[in-house]
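Novice: 3D model of this:
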Amino acid sequence: MKRAAVIAVQVAAAVLVGLAIRELWLAGRGEGDAVGPPARAVAVTADVAPDVVAFGTPVVATADVVVDATVVDPKSIVLLADFTPYEVAGTPTVQRRVEGATAHVSFRYTLRCLREGCEPAGARGVAQFRTGLVRYRFNDTPGTGRDVVDWPPVIVASRVAAPAVETIDWRADRTELPAVTSRVSPWTLAVALLLGALALAVCAVWLGRRLWHEPPALLELAPRDERPALERALELARAEVGNGAAAPDRRRALERVARELDVLGHRELADEARALAWSPRPSTPDEIEGLARRAETAAGRGAAA
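Specialist: Below is the predicted model:
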């Protein structure tokens with residue numbers, strides 16, 4: 001019984017030794033189960049050049065993303081980055097290359113900072129950008145993946161050494177500046193300007209009324225002609241003849257007399273006035289005077305009736 005147990009132990013030990021030798025042999029050839037963590041489908045590296053700059057000098061930030069194209073879609077790779085207080089100068093460039101099952105995507109940013117927050121602190125300052133984020137989609141599985149981008153720090157050096165600043169002979173002293181004075185009080189000047197503006201506005205309104213509106217008093221002073229319309233038309237016709245007016249003016253005056261005679265119902269006299277107005281020869285003063293007297297006589301009879 002003891003002999004059988006011993007044989008079993010020896011056989012088990014031989015099997016374990018054989019398995020150990022097999023594993024060592026396969027490991028030496030690179031076969032068998034993988035040892036260590038599996039290879040990643042995405043690898044991200046970041047760089048900032050140069051890493052030591054003077055204030056105002058531009059720097060270039062580059063992020064390289066290498067992926068397994070059979071696992072990750074190269075076209076879906078995007079980079080989210082915040083370089084505050086630096087600003088991106090120009091347009092960032094993105095390059096995508098696919099070689100076999102490996103895809104390489106490179107992001108390049110030119111950064112510049114000329115405002116407060118970028119100056120060196122003391123002799124040297126350190127600019128540390130915020131962590132970026134790479135996002136992508138998988139080919140066979142839903143959802144998105146992400147990886148962080150850790151930007152290396154940038155050392156910002158001063159262009160002027162501290163001893164050189166201390167030895168500068170400054171010509172201005174803010175503590176010795178005279179107090180601000182004025183000949184006129186600001187409140188007095190404001191009130192004077194306001195009164196002047198009001199005076200100009202009143203003058204503008206007054207001038208506007210004078211230019212665009214005729215005063216009612218002038219309209220009331222204008223005499224009104226209370227005479228009958230025919231009498232005024234005859235006076236105009238006599239005046240045109242007496243002044244030696246041209247033929248067109250005489251025709252207009254006689255045509256007006258004819259219209260007034262038509263209104264009063266004296267058609268024969270109206271026809272006579274039109275005949276004189278449109279006669280080929282100019283009407284004589286005697287003809288117009290005779291017409292005027294007959295018209296006045298007819299108008300007088302009509303008024304008396």
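
Novice: low-confidence ranges in the stretch 151-300 of the chain?
Specialist: Residues of the stretch 151-300 of the chain meeting the criterion pLDDT under 70: 160-175, 213-226, 244-245.

Novice: show me where it has strands.
Specialist: Assigned by DSSP state E, counting those that start in this stretch, the strands in the stretch 151-300 of the chain fall at 154-157.

Novice: In three-state terms, label the residue nearest in space to the middle of the chain for me.
Specialist: Geometric centre of the chain, nearest residue: Gly90, 21.6 Å, by Cα atoms, centre = their mean. Under the three-state scheme (DSSP: H, G, I helix; E, B strand; the rest coil), Gly90 adopts coil.

Novice: nearest spatial neighbour of it, skipping sequence neighbours?
Specialist: Counting by Cβ to Cβ, 6 or more residues apart in numbering, Gly90 lies nearest to Thr110, which is 5.6 Å off, once chain neighbours are set aside. For every residue, glycine as well, the C-beta is placed using N, CA and C.

Novice: Just checking: what are the partner strands of the helix or strand harbouring that neighbour?
Specialist: Per DSSP states H and E: Thr110 is located in strand 102-112. Its sheet considered, strand 102-112 pairs with strand 59-68 (antiparallel), strand 87-88 (antiparallel), strand 93-99 (antiparallel) by DSSP bridges.

Novice: And Pro92, how close does it get to Thr297?
Specialist: 108 Å (Cβ to Cβ, to the nearest Å).

Novice: Let me know whether Leu80 touches Gly132 as I believe.
Specialist: Yes. With contact defined as Cβ atoms under 8 Å, Leu80 counts as touching Gly132 (6.1 Å).

Novice: more crowded one of those two?
Specialist: More crowded of Leu80 and Gly132, by other Cβ atoms under 10 Å: Gly132, with 20 against 11.

Novice: ok, that one touching Thr62?
Specialist: No. Counting by Cβ under 8 Å, Gly132 sits too far from Thr62 to count as a contact (11.5 Å).

Novice: okay, and the common contacts of those two?
Specialist: Ala46 (Cβ atoms under 8 Å, 6 or more residues apart in numbering).

Novice: tell me the domain ranges of the chain?
Specialist: 42-162, 186-214, 229-304 (automatic domain parsing).
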